[in-house]
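> Have a look; sequence and predicted model below, questions after that.
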Amino acid sequence: MFTGARRLVAAVRCTEWATGGKVSARRFGSQRQLVMVEPSPTAGVAVLKLKNPPVNSLSLEFLTELNINLEKLENDKTFRGIIITSDCPRIFSAGLDLKELCGKNPAHYTEYYKALQNLWLRLYLSNLVLISAINGSCIAAGCLISLACDYRILADNPKYVIGMNETRLGLVAPFWFKDNLVNTIGHRASERALQLGLLFPPAEALQVGIVDKVVPEDQVQSTALSVMAQWLAVQDHARHLTKNMMRKSTADLLVKQRDADIQNFISFLSRDSIQKSLQMYLAKLTQNKG
Amino acid sequence: MFTGARRLVAAVRCTEWATGGKVSARRFGSQRQLVMVEPSPTAGVAVLKLKNPPVNSLSLEFLTELNINLEKLENDKTFRGIIITSDCPRIFSAGLDLKELCGKNPAHYTEYYKALQNLWLRLYLSNLVLISAINGSCIAAGCLISLACDYRILADNPKYVIGMNETRLGLVAPFWFKDNLVNTIGHRASERALQLGLLFPPAEALQVGIVDKVVPEDQVQSTALSVMAQWLAVQDHARHLTKNMMRKSTADLLVKQRDADIQNFISFLSRDSIQKSLQMYLAKLTQNKG
Amino acid sequence: MFTGARRLVAAVRCTEWATGGKVSARRFGSQRQLVMVEPSPTAGVAVLKLKNPPVNSLSLEFLTELNINLEKLENDKTFRGIIITSDCPRIFSAGLDLKELCGKNPAHYTEYYKALQNLWLRLYLSNLVLISAINGSCIAAGCLISLACDYRILADNPKYVIGMNETRLGLVAPFWFKDNLVNTIGHRASERALQLGLLFPPAEALQVGIVDKVVPEDQVQSTALSVMAQWLAVQDHARHLTKNMMRKSTADLLVKQRDADIQNFISFLSRDSIQKSLQMYLAKLTQNKG
């Protein structure tokens, strides 16, 4: 499917593109190619594929690569929009990689959490049109990625769920996860969804408004492209000034207290009870795989 | 129905409970037993029954007893949730007791209004899961009690209505009533509901979102129990940190200006026009009963 | 249709009214009579008709006359409500008059924009009940006028659309347009509507909540009157204190930074790219007419 794909040194702005009948894929970042960036059939639109099997857990490496790729796309004037989708079957992203949160030191937690803050700020305030083509379950921080986009399309498969289930693991979503959710589905629905750690199947997801559209699984990508065309019909400048007007005050709540937010996260995570609970959860996950 | 019920000295933590086939009820507070606290079939859950006939008007004595009982339950580690319901037929609560607002002195109004502020803050920020089993009309400050809960179930009886009708009596709901309503049904619906003093019958109440569920009258309690079970499936610690994250900023708006809010209430209430209007309204109520 | 209409000196409080079977119309303001104020069949209610053909563009003269008429009505104790409607066929208002925004000097832009700020603050905080009887398309700042009212009724004609399409012209709606829209349809729907510059036909307008009711075209006025009767059933004093409680904090966001908002508008408008884009748009409009 992808020819001519190769590793690109981060500092080099790549120029290879789809030409003629051939599709050429670019990969920024590591050898492991956790993030694939491909041109879409629509000019100016990149498809960013999450590829950290089996469940697109947000490891530090994956977060870092996401941030690098998004920054590149943001600064590359040939792009006006990104479709974010998954290259792993049945899952968009399972959220944070719990292995990064267990038995590590505060310096590691700080680096990890900063990368997560950066990712959200970058997505939420992006000048590009971001559309999530959600072709699998989309959970916790995975859901956050899609909420930070401009539009969400979910595959109509009753096995796929979307939501923020932090409380189910004994965790508390950061306040900016909450702010992004409240801006999307309102205060009351967020209160219930976050406290209960609800994961919504497609019909309920559409009803509560956590996604904008539910389509048959084989139409997710084509729908993303046609929705993108609608958004690209608007002049970029007016559109992203408007987007910034809508979102800046919410993003500023985090920007103004990033350090306190980090400290809060680390002190919560460092509790014995939380570490134990995460270790038990990880052991169970490993067992289920075995 | 209740055996072994007796007055409990406030300082004594009571230990009597349902045992075997017998149901035992605890009553904190006054001889008049305005508030009944009973264990529910679900472990860790209390049923708090409002019993100030005929319409559960929130007299000072009733507010005080509610506050005492809620504080006890909050501090009693055996409890994780409360179902609030009415012991009076056809009415959950008619709201403030207008007799407390007429012809009294400022010191009385202050004490009364403080008790109301305390009640809301206690309910709205409770670490317990609070579910309203609304088995009758639920009006003004009665509606506030249910809005401060985590979930609202209304009996499907077209004679029951729920809402904040303060303007119908020439009154203005305090700003924190408004904030709690906006957090529940959104800004636009609140604007219309509060200005018009709308009271919603069940179908409309569900549609506007002022209640979460409407069920046949004889299923209100059982539904409350099964919804409670869903909420109790979440770890308390993560759930109430999340609840606090959702609600603290709204509660703080009152906490930061309690005294100004009291002064505002008293000066409004002390106007001749308001006193006259309340007296006329009370006279009409008395006449209707006669 | 209107007899006895005549120009009234602004300083003179007029007293002529509907008497007996005859309908008498008052016109404040200029000779051109851009704004017609007529008594409605309901006592205490005025019908304000926008009459700046062909599309009720908000010229400086029209804005000024609107402000003068609204101030008069606000201060005239015989009025409790206003129904705002259009005297131009098929259009409620097309929004700002682009001719006021092209090729003029900063002093002119300042005067014009101040008049627009004044109009919104006056409408949004009016103590009167304001109902929009939207008998035609209602676009951009025209939509703002209706959003600032207490209730919106749209004629059920699929050719009529309502919304804020600023981005379609390369413009950005002022933040208080956005705040008013968010208070009406919520954050998520506003984000999408404003970025895409969506114009909603009646069914979609009702669904998204940008209007409260859609009725057959010949019932718009009668529905406005019956809705008005519902709002007038509430005591004015309690109602407008409640309205103020709902809206003051949003209005204050503008009041506190009027000058910065004006500077921001002028500097945006003065850009060459914006001037060019407006001129091209105006040329196209003129061409279409020709």
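Cool, got the structure. Since this is a predicted model, take the numbers as computed values, not measurements.
> can you give me the strands in chain A?
Assigned by DSSP state E, the strands in chain A fall at A:7-8, A:27-28, A:35-39, A:45-50, A:57-58, A:81-86, A:91-93, A:95-96, A:129-134, A:137-139, A:151-155, A:162-163, A:199-200, A:213-215.
> helices or strands next to the third one in the packing?
Read it as strand A:35-39. Packing contacts for strand A:35-39, counted by 3 or more CB pairs under 8 Å, 6 or more residues apart in numbering or on different chains; DSSP states H and E, involve strand A:27-28, strand A:45-50, helix A:60-75. To be clear about C-beta, it is placed using only N, CA and C from the backbone, and glycine gets the same treatment.
> please redo it, this time with the cut-off set to 6 Å
strand A:45-50, helix A:60-75 (3 or more CB pairs under 6 Å, 6 or more residues apart in numbering or on different chains; DSSP states H and E).
> what's the angle between the longest one and strand A:129-134?
Between the axes of helix A:60-75 and strand A:129-134, defined by axes from the mean of the first three to the mean of the last three CA atoms, to 10 degrees, the angle is 140 degrees.
> Please put the alpha-carbon coordinates of helix A:60-75 into CSV.
The C-alpha trace of helix A:60-75 is given here as CSV (Å, rounded to 0.1, in the frame of the first residue of the first chain):
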residue,chain,number,x,y,z
LEU,A,60,6.0,8.3,25.8
GLU,A,61,7.6,7.4,22.4
PHE,A,62,4.3,7.4,20.7
LEU,A,63,3.3,10.8,22.3
THR,A,64,6.6,12.2,21.2
GLU,A,65,6.2,11.0,17.7
LEU,A,66,2.7,12.4,17.5
ASN,A,67,3.8,15.8,18.7
ILE,A,68,6.7,15.9,16.2
ASN,A,69,4.5,14.9,13.3
LEU,A,70,1.7,17.3,14.3
GLU,A,71,4.2,20.1,14.6
LYS,A,72,5.6,19.4,11.2
LEU,A,73,2.2,19.3,9.6
GLU,A,74,1.2,22.5,11.3
ASN,A,75,4.2,24.3,10.0
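> Just want the angle from it to strand A:45-50.
Calculated by the same axes, to 10 degrees, helix A:60-75 forms an angle of 180 degrees with strand A:45-50.
> what residues does the stretch 101-250 of chain A put near chain B?
A:167, A:170, A:171, A:172, A:175, A:178, A:187, A:188, A:191, A:194, A:195 (CB under 6 Å from any CB of the partner chain).
> Contacts only, for the third one.
For residue A:171, the set of contacting residues under the criterion of CB atoms under 6 Å, 6 or more residues apart in numbering or on different chains consists of residue B:238.
> Just the pLDDT for it.
Among the per-residue scores, residue A:171 shows a pLDDT of 95.
> Is residue A:199 bridged to anything, and to what?
residue A:163 (DSSP bridges).
> State the pLDDT value of it.
Reading off the model, residue A:199 has pLDDT 98.
> count of neighbours near it?
Residue A:199: 20 surrounding residues under other CB atoms under 10 Å in any protein chain shown.
> For residue A:118, see how far away residue A:111 is.
Distance, residue A:111 to residue A:118, by CB to CB, to the nearest Å: 11 Å.
> got it, and residue A:167?
From residue A:167 over to residue A:118 (counting by CB to CB), the distance is 25 Å.
> Who has more neighbours out of the two?
Set residue A:167 next to residue A:118 and count neighbours by other CB under 10 Å: residue A:167 wins out with 26 against 17.
> I figured that one hits residue B:240, correct?
No: the criterion here is CB atoms under 6 Å, and residue A:167 misses it with residue B:240 at 9.7 Å.
> Name the nearest residue to the residue of the stretch 1-150 of chain A found nearest chain B, sequence neighbours excluded.
Nearest to chain B, among the residues of the stretch 1-150 of chain A, is residue A:140, at 12.6 Å (CB to the nearest CB). Counting by CB to CB, 6 or more residues apart in numbering or on different chains, residue A:95 is the residue found nearest to residue A:140 once chain neighbours are left out, at 3.2 Å.
> Could you report the neighbour count for that neighbour?
23.
> Show the pLDDT at it.
Model confidence at residue A:95 (pLDDT) stands at 98.
> okay, now residue A:254: neighbour count?
18.
> swap in the one 10 residues further on?
Look at residue A:264: counted by other CB under 10 Å, it has 15 neighbours.
> And for residue A:239?
Residue A:239 has 24 nearby residues by other CB under 10 Å.
> Tell me which stretches of the stretch 101-250 of chain A form helices.
With DSSP state H, counting those that start in this stretch applied, the stretch 101-250 of chain A shows helices at A:106-124, A:141-147, A:175-185, A:187-196, A:202-208, A:220-232, A:236-255, listed in chain order.
> Quick check: which of these has the most neighbours on average?
Scoring these by mean neighbour count under mean count of other CB atoms under 10 Å in any protein chain shown gives helix A:141-147 as the most buried, with a mean of 26.
> and that helix, does that touch chain C?
No: using CB under 6 Å from any CB, helix A:141-147 never reaches chain C; the gap is at least 9.9 Å.
> and that helix, what's its mean pLDDT?
Rounded mean pLDDT across helix A:141-147 is 98.
> list the helices and strands it packs on?
By 3+ CB pairs under 6 Å, 6+ apart, helix A:141-147 packs against strand A:95-96, helix A:175-185.
> Output the longest one as PDB, nothing but the C-alphas.
Extracted as PDB, the C-alpha positions of helix A:175-185 are listed here (Å, rounded to 0.1, in the frame of the first residue of the first chain):
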ATOM      1  CA  PHE A 175      -9.400  19.100  34.500                       C
ATOM      2  CA  TRP A 176      -8.600  19.900  30.800                       C
ATOM      3  CA  PHE A 177     -10.000  16.500  29.700                       C
ATOM      4  CA  LYS A 178     -13.100  17.600  31.600                       C
ATOM      5  CA  ASP A 179     -13.100  21.100  30.000                       C
ATOM      6  CA  ASN A 180     -12.800  19.700  26.500                       C
ATOM      7  CA  LEU A 181     -15.600  17.200  27.200                       C
ATOM      8  CA  VAL A 182     -17.900  19.900  28.700                       C
ATOM      9  CA  ASN A 183     -17.300  22.100  25.600                       C
ATOM     10  CA  THR A 184     -18.400  19.100  23.500                       C
ATOM     11  CA  ILE A 185     -21.400  17.500  25.300                       C
END
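> Need the residues that contact it.
A:144, A:147, A:190, A:208, A:209, A:210, A:250, A:254, B:245, C:187, C:188.
> Using a markdown table, lay out the helices of the stretch 101-250 of chain A together with distance to residue C:236.
Shown next, in a markdown table, are these (distance: least, CB to CB, whole Å):
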| stretch | distance to residue C:236 |
| --- | --- |
| helix A:106-124 | 43 |
| helix A:141-147 | 43 |
| helix A:175-185 | 34 |
| helix A:187-196 | 30 |
| helix A:202-208 | 38 |
| helix A:220-232 | 45 |
| helix A:236-255 | 34 |
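> right, and the ones you listed - which one's nearest residue A:83?
helix A:220-232 (4.7 Å; CB to CB).
> What mean pLDDT does that closest one get?
Here the average pLDDT along helix A:220-232 is 98.
> do stretch A:75-86 as well
On average, stretch A:75-86 scores 97.
> Now do it: distance from first to last residue.
23 Å (CA to CA, to the nearest Å).
> what's in contact with that stretch?
Contacts for stretch A:75-86 (CB under 6 Å, 6+ apart): A:44-50, A:56, A:73, A:92, A:128-133, A:135-136, A:224, A:228, A:232.
> Where does pLDDT dip in chain A?
A:1-31, A:289-290 (pLDDT under 70).
> Highest mean neighbour count out of the helices and strands packed on strand A:35-39?
Mean neighbour count (mean count of other CB under 10 Å) peaks for strand A:45-50 among the helices and strands packed on strand A:35-39, with a mean of 23.
> and that strand, which strands flank it?
strand A:35-39 (antiparallel), strand A:81-86 (parallel).
> ok now do residue A:46, which residues does it touch?
Here residue A:46 is in contact with A:37, A:73, A:79, A:82 (CB under 6 Å, 6+ apart).
> From what I see, residue A:40 and residue A:47 are in contact.
Yes: Residue A:40 is in contact with residue A:47 according to CB under 6 Å; the separation is 4.9 Å.
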